[in-house]
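Enquirer: Model the following, please.
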Amino acid sequence: MQETALQSIKVAILASSNDQSQQLQTLLENSGLEVVLVEADGHQFLDRLKNSTAEVLLIDVCESDDAEMDVIDSITEQNDLPILFNDSGPEGVSLAATSELWGKKLAQKLTELAKRNGTAIRKSKPAAERPHPMVDRQTIAVHKKANAKPSEPPIKPQWEAESVEEPDHFADLEELSLELGGVDKITPATKDSNETPSTELNVWVLGASLGGPQAVRQFLAAIAPDLPVAFILAQHIGASHINLLAEQLNRVTPFTVVPGRNGHKLRHHEVILTPADKQLSLTDDGFIALKPSPPAAVYSPSIDLVMTEVARRFGAKAGTIIFSGMGDDGARGCEAIAESGGVVWAQDIASCVVSSMPDQARKTGKVSYSANPEQLAKQLYEFYQPNS
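Expert: Okay, here's the model as predicted:
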């Protein structure tokens, strides 16, 4: 079969700013691609994408922007085009604009991704029947600063359509009348009234970022009601979204999901959501204590800090699972969990929207098991069976 020329590949670009999107457009057009859509506004990008002729998407945005992350989640759920994520930031793109080689490599990556997708996607199918969009998780590392995130693995095949029916992710934020005046005013109701002594608690940290809410929903929907575990979910998310995330997760899981608050005691059969604007710590007798986030924190909440705290308090009875996400938050925490005698697992590449976080966890050498969210839930139940 004859190779597809670069000129035949049509690209849609979403970037963090107009300058950044224009620089990316120039890079790609100079390398022979046809750019059919360029946007710095995520909502406009979604609207215009429906009527575009794009064959592949290039998304280069800042993960710390909550609004952009919400739009990206919508894109990955509603769109069936292949996606290349890049997190170079405006400085990286500006520097790379002086390199003809960088632009050609980026163009070639997009071309290969579009060709891999081929004719497998049938746009006439209802959204529920479409396969998950093919996502290239490789981060462009050329001309990045010394402290930039490392490169990620090559493209992996598509995974099967989700088995769990998903609600519209954060689609009803404006209509949601769940204003409770802050997490400290929430009084959780537990589905299990039996108290477990803090010395006997099994506590697992679920770390997630981009694509995480989808993966965590699948995981929590598949867990057994009698699983003897307390979960703490550290999800990169805006502070105003915590209540909505708790509501959405409560719809699908037998566990009780509550935002973390001062004085709440950890219990088996609960999922505690780490507030995005606080640092979570734990008392010796298993109570939550919240304090302001460190001013220099890169991620909110910090998965590393939550995992390190759980490792300190629960030692060999601690565990963690790193789900889909961009960046490397959680890698140092995985080392802390493992060094305390705990267990470290991660979501596999094929089922991630972006596999950077679990990939970085695997690079520590501490991950002992990788699988999709449903398999992780099954394995966790078997882990705690007496004869397993």
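
Enquirer: biggest helix in this structure by residues?
Expert: helix 100-117 (DSSP state H).

Enquirer: any chance you could map the helices in this structure?
Expert: 18-30, 42-49, 66-78, 89-96, 100-117, 212-222, 242-250, 303-314, 331-339, 356-363, 373-383.

Enquirer: Nearest to residue 291 among these would be which one?
Expert: Closest approach to residue 291 among the helices of the chain is made by helix 303-314 (10.7 Å; Cβ to Cβ). Any C-beta I mention is one placed from the backbone N, CA and C, and that applies to glycine too.

Enquirer: For the closest one, buried residues please.
Expert: 303-311, 313-314 (16 or more other Cβ atoms under 10 Å).

Enquirer: Can I get these in TSV including pLDDT and distance to residue 368?
Expert: Listed next are the buried residues of helix 303-314 as TSV, based on pLDDT from 0 to 100; distance: Cβ to Cβ, whole Å:
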residue	pLDDT	distance to residue 368
303	94	18
304	95	19
305	93	23
306	95	20
307	96	15
308	96	19
309	95	21
310	96	17
311	96	15
313	94	21
314	95	18
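
Enquirer: for those, which one is nearest residue 258?
Expert: Nearest member of these to residue 258, counting by Cβ to Cβ, is residue 306, at 15.6 Å.

Enquirer: what's near enough to touch the spatially closest residue to that closest one that is not a sequence neighbour?
Expert: Nearest residue to residue 306, sequence neighbours excluded (Cβ to Cβ, 6 or more residues apart in numbering): residue 234, at 4.3 Å. By Cβ atoms under 8 Å, 6 or more residues apart in numbering, the contact list for residue 234 reads 205-208, 274, 280, 301-303, 306-307, 330.

Enquirer: and residue 323, what is it in contact with?
Expert: 206-209, 211-212, 215-216, 219, 346-347, 352, 357-358, 373.

Enquirer: Lowest pLDDT pick from those?
Expert: The lowest pLDDT within the contacts of residue 323 belongs to residue 211, with 86.

Enquirer: So that residue sits against residue 357, correct?
Expert: No - the pair residue 211 / residue 357 is not scored as a contact, 9.5 Å apart, by Cβ atoms under 8 Å.

Enquirer: what about those two, which has more around it?
Expert: The residue with more neighbours, out of residue 211 and residue 357, is residue 357; 32 against 27, by other Cβ atoms under 10 Å.

Enquirer: Please parse the protein into its domains.
Expert: According to automatic domain parsing, the chain comprises the domains 6-136, 183-383.

Enquirer: most packed of these?
Expert: Highest mean neighbour count of the domains of the chain: domain 183-383, a mean of 20 (counted as mean count of other Cβ atoms under 10 Å).

Enquirer: Can you tell me what sits against stretch 217-226?
Expert: Against stretch 217-226 from outside (Cβ under 8 Å, 6+ apart): 162-164, 166, 191, 206, 231, 248-249, 252-255, 257, 269, 271, 321, 323, 372-374, 376-378, 380-381.

Enquirer: what about that stretch, how long is it end to end?
Expert: 18 Å (Cα to Cα, to the nearest Å).

Enquirer: What pLDDT does the model give residue 31?
Expert: So residue 31 comes in at 85 (pLDDT).

Enquirer: cool, and residue 296?
Expert: pLDDT at residue 296 comes out at 65.

Enquirer: for this protein, which spans come out with low pLDDT?
Expert: Counting by pLDDT under 70, the chain shows low-confidence ranges at 1-7, 61-71, 73, 76-78, 86-100, 117-195, 296-297, 387-388.

Enquirer: what would the buried residues of helix 303-314 look like in JSON lines with distance to residue 18?
Expert: Output for these, formatted as JSON lines (distance: Cβ to Cβ, whole Å):
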{"residue": "303", "distance to residue 18": "32"}
{"residue": "304", "distance to residue 18": "33"}
{"residue": "305", "distance to residue 18": "35"}
{"residue": "306", "distance to residue 18": "36"}
{"residue": "307", "distance to residue 18": "38"}
{"residue": "308", "distance to residue 18": "39"}
{"residue": "309", "distance to residue 18": "41"}
{"residue": "310", "distance to residue 18": "42"}
{"residue": "311", "distance to residue 18": "44"}
{"residue": "313", "distance to residue 18": "47"}
{"residue": "314", "distance to residue 18": "48"}
